[in-house]
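# when you get a sec, could you give me coordinates for this:
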Amino acid sequence: MFKRILVAVDGSPASNAGLAAAVGFASDQRATLIALHVIDDGALPVDFEGAASSPSAVDAYFEALHKAGRKLLDKVAKTALTSGLKCESQLVRSRGRTVAQVVVAQARKLRADVIVIGTHGRRGLRRLLLGSDAESVVREATVPVLLVRVRERATRKPKAKPARGRGKVSVSVMRPAP
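From the prediction side, this is the model:
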């Protein structure tokens, strides 16, 4: 039985799916929900020439990320309380570590019994280019990890093509591979 369920949240559709699963899971287990939002220090603002922005601009940038993270965590806490759950919130800066390393470290520090993460389910070149925090958490975690997969929408809209000889229209729908 799980008593402390950590869910990583960032406001994305995948994160929202992970949160919904974590809320349901925590309700079933009568567990405390720990909502974690990581501010990624690696995402520094740059100017048009690729140089880092001024210190005051960087400070304002991280202050805005902090406010947005706090607002997101407040929303998560409200969702948890509405579901009758006890909820703890954690807002952490990565400080040179990857988001996955922060999630695993916080899970240890907060004594989470399980980690819940929403994932895009990217494959192939997109996964290689964009990376996978969820995959890194799975590799590094010392507790079970529940991945909640959300399929990405097709990048192109379906195109209608006339069928040969019959005057009918056939539609081809592009979907990501399972």
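# using the three-state scheme, assign Ala68.
Secondary structure, DSSP: H, G, I helix; E, B strand; the rest coil: Ala68 is helix.
# check contacts around it.
Taking Cβ atoms under 8 Å, 6 or more residues apart in numbering, we find Ala68 in contact with Gly11. C-beta: built from backbone N, CA, C; applies to glycine.
# could you confirm Gln106 falls within a helix?
Yes - per three-state DSSP, Gln106 lies within a helix segment.
# looking at strand pairing, list the partners for the closest residue to it other than its chain neighbours.
Nearest non-adjacent residue to Gln106, counting by Cβ to Cβ, 6 or more residues apart in numbering: Leu36, 5.5 Å away. Beta bridges link Leu36 to Ala8, Gln90 when assigned by DSSP bridges.
# show me the contacts for Leu36.
Leu6, Val7, Ala8, Val9, Gln90, Val92, Val103, Gln106 are the contacts of Leu36 under Cβ under 8 Å, 6+ apart.
# which element is the closest residue to Val7 other than its chain neighbours on?
Leaving aside its chain neighbours, Val7 sits nearest to Ala22 (3.8 Å; criterion: Cβ to Cβ, 6+ apart). Using DSSP states H and E, Ala22 sits within helix 13-29.
# now do Leu81
Per DSSP H and E: helix 55-82 holds Leu81.
# which stretches of this protein aren't confidently modelled?
44-53, 121-131, 152-178 (pLDDT under 70).
# recalculate using a threshold of 80.
42-55, 57-58, 120-132, 151-178 (pLDDT under 80).
# touching, the residue nearest to Val7 and Ile117? I think so.
No - using Cβ atoms under 8 Å as the test, Ala22 is too far from Ile117 to be in contact (9.1 Å).
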